[in-house]
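[1] Okay, predicted coordinates and the sequence, questions at the end:
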2 protein chains.
Amino acid sequence: MKFITTPVKGMQDFLPADMRLRQHVMSLIRSSYRTYGFDEIETPVMEHIENLSGKIGGENEKLIFKVMKRGRELEKGLETGEIADNGLRYDLTVPLARYYSNNRNNLPTPLKALQIGNVWRADKPQKGRFRQFTQCDIDIIGDSSIMAEIELIAATSRMLTTIFEEVGIREFTVHINDRRILKAMAAAAGFPEDSYDDVFIILDKMDKIGLDGVRESLLEKGYAPEAVEAYIGMFRLITPDMTCGSFCEQVCASALDAGVMAGMDTIMTSVAGMISKDVHLMFDPTLVRGMSYYTGTIFEITIDGYNFSIAGGGRYDEMIGRFCSQSVPACGFSIGFERIVTILRDLNWKEPDHGMEKMAFLVDEKSGADKIREVFAKATELRAQGQTVTVQPLKKNAKFQVETLEKNGYTSIRKVYGDTEL
Amino acid sequence: MKFITTPVKGMQDFLPADMRLRQHVMSLIRSSYRTYGFDEIETPVMEHIENLSGKIGGENEKLIFKVMKRGRELEKGLETGEIADNGLRYDLTVPLARYYSNNRNNLPTPLKALQIGNVWRADKPQKGRFRQFTQCDIDIIGDSSIMAEIELIAATSRMLTTIFEEVGIREFTVHINDRRILKAMAAAAGFPEDSYDDVFIILDKMDKIGLDGVRESLLEKGYAPEAVEAYIGMFRLITPDMTCGSFCEQVCASALDAGVMAGMDTIMTSVAGMISKDVHLMFDPTLVRGMSYYTGTIFEITIDGYNFSIAGGGRYDEMIGRFCSQSVPACGFSIGFERIVTILRDLNWKEPDHGMEKMAFLVDEKSGADKIREVFAKATELRAQGQTVTVQPLKKNAKFQVETLEKNGYTSIRKVYGDTEL
């Protein structure tokens, strides 16, 4: 049998340096959210095919890695034509909905959940897109109040500030909108209700095609010119210092519950007092967010100077109810873990050294048992002081050995022979 | 479409309290081995079916969860009858061999690797046995000297002492043997070489069937009575204070390279100076270890008073060469992560509180925007001091809300109304 040494197509081996960065980011994420009272949870990587195909996953449902039935289960499947009963999860949202429904009697209410885990998508692999990658989601389940939004946005902004200040990035923008405002604007412009989703898909392309592009696309789709012009006119009223209230009063107050504006105001003013001065909060009526399951507030965080979002989410009050046939409010953020790691790596992130040098003893194997015992005794002493020490044989190719140690952060490297004084 | 709320058969959802314990153990494992210069690495959870079926995995090769080909790949497979090209890994050893072969030009030499990851086995689920569980392996690859054994045994003993002292367990026994001693004993007793593996499988049952049971089983299998009696006689010479040298001199020195005894002596005396006084090192000629790929030293750690091993491993100098057609020495330990977690949980492990209480503000939603802002400002102040604080709406079922918070370690819980002074 011939072994294959490359990883499975589209998947990655992580070298020690990769892992140091990934583990460092994970541990900052964990400690940041812990301070805000989030609890980590975990679900199995496999889910029932039925759950993965339930129309919550959108386009990802086409990308499921299916896991075959086994043994007798498989034989039964061959008769009926079904040979896969499970699949690898393509996101952390479907498993969370199942998890909450399964465990809600043993979970805090509200549940403030942090999930860090791998997901799998049978996508066409390309640069920067892998078939196994890590997602990080935070969600508050069972809180219908705006306190959920405030905690999520504040905690996530703080987390990003903490992680990125190590590479000198401090400025972020939090874009906030509300599905109900999006809908009120479309209604006030005169679009029919069943066209909203289609209109929002076009609006979502604003950053690529500009406001004129949105106008053209809407007209091409055959929407009434008056509605299109009224709609485009609303977006021309956007100014940098407007509030949600002042904007909505102008464009869609008649179609909007006043509570939405008041809630947005409380979210903005509360969060402003909780985050770094370099994080800019912005009511952004052009923010759409793709997933159709959002029902209220939506948000996205961008790094100033980078043209993509690093975290995004919103309120989805109706999804979990589909699992447990009981209405359960929910609000969550998905963090772009792989993007964070890529940016830090590209900016040459260096591991904080905590003031302790990493030390290596390279021992000539002919030094004899007494010298070997002496080296290990010395290493034990240094390790007890918290120092990282490795003891290993001195290789024939000592140059390569020393170089790889240096690449892995060892600053003190000593060769030990039989007559070396330690 | 109906959703299924239970996890996939044989797999587990982890509640917040489960995760705190699991993460705590993982982080002690990581920091322990880091001090000894081990680097964490990670491989994809999926491996090529060819690698998983290459006779390295033993019985586990029957338990592979197969992942189906996708799209056009699948259509091609249906013609040829092969519909799965990948499988979920059943251990961390096969992926490590592939990983080292694939990346050896970019890895330190020797590589001191720590892996913590899930593995999957389509086993019959039963109490305490799951189809997805976490394994933790440490390996030193590219070191043919006994320094590898010394580092592995010392680091693992220290790690266990650190983890278990939190629940008052301090006494462990490290059993050490060598495949070459096992073979020399079988040779000196007069067994034919091709029967060694079979003899060792029977010897491995000693702790269950006793020495007399081993004798009977060997005789039943038809081995020459003189060989069996000579073999059993050797084990009767075991005494608590014997050394490897004194034992082997009596029973098998003629069939054994003197370097093996000297090496064992240096391993024992070096490790003795590196570990807690409550960890007992024991040369144990009855130790077999199941996997046939071991070539030299083998070891196992038991907790005194528990009748199973908590970690085990050995030297396997010939396995990685099968992947990269180049001889690569290797030595490793597999840690019983799930067993550690189970024991700590059964002994009511409590999360260290680091002197900081966890605090909850339960806010009446009718308190008004000003009070909400004030609560969040207060929470921000406390969080900046490193305190864990959660802010959430006061639920109608406040009793359950408070109870679940208390269960999750919140010791200071304040209800906030519009007129509460903070």
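    Received, thanks.
[2] contacts and neighbour counts: CA atoms only from here.
    Fine.
[3] who's in contact with A:Gly263?
    A:Ile146 (Cα atoms under 8 Å, 6 or more residues apart in numbering or on different chains).
[4] What are the buried residues along the helix or strand containing it?
    For A:Gly263, the host element (DSSP states H and E) is helix A:258-272. Buried residues in helix A:258-272, counted by 16 or more other Cα atoms under 10 Å in any protein chain shown: A:260-261, A:263-268, A:270-272.
[5] And stretch A:50-58, by the same measure?
    Across stretch A:50-58, burial judged by 16+ other Cα under 10 Å covers A:51-53, A:56-57.
[6] Quick one: end-to-end length of it, please.
    Here the two ends of stretch A:50-58 are set 14 Å apart, with distance taken as Cα to Cα, to the nearest Å.
[7] Give the rounded mean pLDDT of that stretch.
    Across stretch A:50-58, pLDDT averages out at 89.
[8] who's in contact with it?
    Contacts of stretch A:50-58 (Cα under 8 Å, 6+ apart): A:61, A:64, A:87, A:89-91, A:94, A:291, A:293, A:319, B:1-4.
[9] Would you mind putting the CA coordinates of stretch A:288-295 into PDB?
    Taking C-alpha atoms only, stretch A:288-295 is exported to PDB below (Å, rounded to 0.1, in the frame of the first residue of the first chain):
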ATOM      1  CA  VAL A 288     -27.700  44.600   4.400                       C
ATOM      2  CA  ARG A 289     -25.900  41.300   5.600                       C
ATOM      3  CA  GLY A 290     -26.600  38.400   3.400                       C
ATOM      4  CA  MET A 291     -28.400  35.800   5.500                       C
ATOM      5  CA  SER A 292     -32.200  36.000   5.200                       C
ATOM      6  CA  TYR A 293     -32.700  34.800   8.800                       C
ATOM      7  CA  TYR A 294     -31.900  38.200  10.400                       C
ATOM      8  CA  THR A 295     -34.900  39.900  11.900                       C
END
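[10] Just give the number of residues close to A:Gly37.
    27 (other Cα atoms under 10 Å in any protein chain shown).
[11] Show me what the residue nearest to it when sequence neighbours are not counted is bridged to.
    Leaving aside its chain neighbours, A:Gly37 sits nearest to B:Thr390 (4.7 Å; criterion: Cα to Cα, 6 or more residues apart in numbering or on different chains). Using DSSP bridges, the beta-bridge partners of B:Thr390 come out as B:Ala360.
[12] Just list the residues touching B:Thr390, thanks.
    A:35-38, B:359-361, B:379.
[13] Quick check: buried residues in the lowest-mean-pLDDT helix or strand in chain A?
    Least confident helix or strand of chain A, by mean pLDDT, DSSP states H and E, is helix A:71-80 with a mean of 76. Neighbour counts over helix A:71-80 (16+ other Cα under 10 Å) mark A:74, A:77 as buried.
[14] do the same with stretch A:277-287
    Within stretch A:277-287, the residues that count as buried by 16+ other Cα under 10 Å are A:279-287.
[15] Please apply the same query to stretch A:23-35.
    A:24-26, A:29-30, A:32-35.
[16] mind listing what the residue nearest in space to the middle of chain A touches?
    Among the residues of chain A, the one closest to the centroid is A:Ile335, at 2.1 Å (Cα atoms, centre = their mean). Contact analysis of A:Ile335 by Cα under 8 Å, 6+ apart lists A:135-138, A:310-312.
[17] could you pick out which of these are near chain B?
    Among these, no residue lies close to chain B (Cα under 8 Å from any Cα of the partner chain).
[18] So which of the residues you listed belong to strands?
    Counting by DSSP state E, the part of these found in strands is A:135-138, A:310-312.
[19] I'd like these as TSV, with distance to A:Lys350 and pLDDT appended.
    Converted to TSV, the ones in strands among the contacts of A:Ile335 look like this (distance: Cα to Cα, whole Å; pLDDT from 0 to 100):
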residue	distance to A:Lys350	pLDDT
A:Gln135	23	97
A:Cys136	22	98
A:Asp137	26	98
A:Ile138	27	98
A:Ile310	21	96
A:Ala311	23	97
A:Gly312	27	96
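[20] Next, give me the two most distant ones among the residues you listed.
    By the measure Cα to Cα, A:Ile138 and A:Ile310 form the most distant pair in those, at 13.7 Å.
[21] which one of those two has more residues nearby?
    Comparing A:Ile138 with A:Ile310 by other Cα under 10 Å, the one with more neighbours is A:Ile138, at 25 against 19.
[22] and the residue nearest to that one when sequence neighbours are not counted, how many residues sit next to it?
    Of all residues not flanking A:Ile138 in the chain, A:Leu114 sits nearest, at 4.5 Å (Cα to Cα, 6+ apart). For A:Leu114, the neighbour count with other Cα under 10 Å is 25.
[23] What does A:Leu114 show for phi and psi?
    A:Leu114 adopts backbone torsions of phi -110, psi 130, taken as degrees, to the nearest 10.
[24] How about A:Asp257?
    phi -70, psi 130.
[25] Could you list which residues are in contact with A:Ala97?
    A:319-320, A:323.
[26] Quick check: which of the residues you listed are also close to chain B?
    Applying Cα under 8 Å from any Cα, the subset of these adjacent to chain B comprises A:Phe323.
[27] Grab the longest helix from chain A for me.
    Using DSSP state H to define each element, chain A has its longest helix at helix A:16-35.
[28] Just the CA atoms of that helix, as PDB, please.
    Only the C-alpha atoms of helix A:16-35 are listed here, as PDB (Å, rounded to 0.1, in the frame of the first residue of the first chain):
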ATOM      1  CA  PRO A  16       4.600  25.100  14.900                       C
ATOM      2  CA  ALA A  17       4.800  28.900  14.000                       C
ATOM      3  CA  ASP A  18       1.300  28.800  12.500                       C
ATOM      4  CA  MET A  19       0.000  27.100  15.600                       C
ATOM      5  CA  ARG A  20       1.600  29.600  17.900                       C
ATOM      6  CA  LEU A  21      -0.300  32.400  16.200                       C
ATOM      7  CA  ARG A  22      -3.500  30.500  16.000                       C
ATOM      8  CA  GLN A  23      -3.400  29.500  19.600                       C
ATOM      9  CA  HIS A  24      -2.500  33.000  20.700                       C
ATOM     10  CA  VAL A  25      -5.500  34.500  18.800                       C
ATOM     11  CA  MET A  26      -7.800  31.800  20.200                       C
ATOM     12  CA  SER A  27      -6.600  32.400  23.700                       C
ATOM     13  CA  LEU A  28      -7.200  36.200  23.400                       C
ATOM     14  CA  ILE A  29     -10.700  35.600  22.000                       C
ATOM     15  CA  ARG A  30     -11.400  33.200  25.000                       C
ATOM     16  CA  SER A  31     -10.200  35.600  27.700                       C
ATOM     17  CA  SER A  32     -11.800  38.600  26.100                       C
ATOM     18  CA  TYR A  33     -15.300  37.100  25.900                       C
ATOM     19  CA  ARG A  34     -14.900  35.400  29.300                       C
ATOM     20  CA  THR A  35     -14.700  38.900  30.900                       C
END
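[29] Quick check: next helix or strand after it?
    Of the helices and strands lying after helix A:16-35 in sequence (DSSP H and E), the nearest is strand A:39-40.
[30] Run through the neighbouring helices and strands of that following strand.
    strand A:111-120, helix B:16-35 (3 or more Cα pairs under 8 Å, 6 or more residues apart in numbering or on different chains; DSSP states H and E).
[31] rewinding a little: which of the contacts of A:Ala97 tops the neighbour count?
    A:Ile320 (24 neighbours).
[32] which residues in the stretch 101-250 of chain A form strands?
    A:111-120, A:132-141, A:172-178 (DSSP state E, counting those that start in this stretch).
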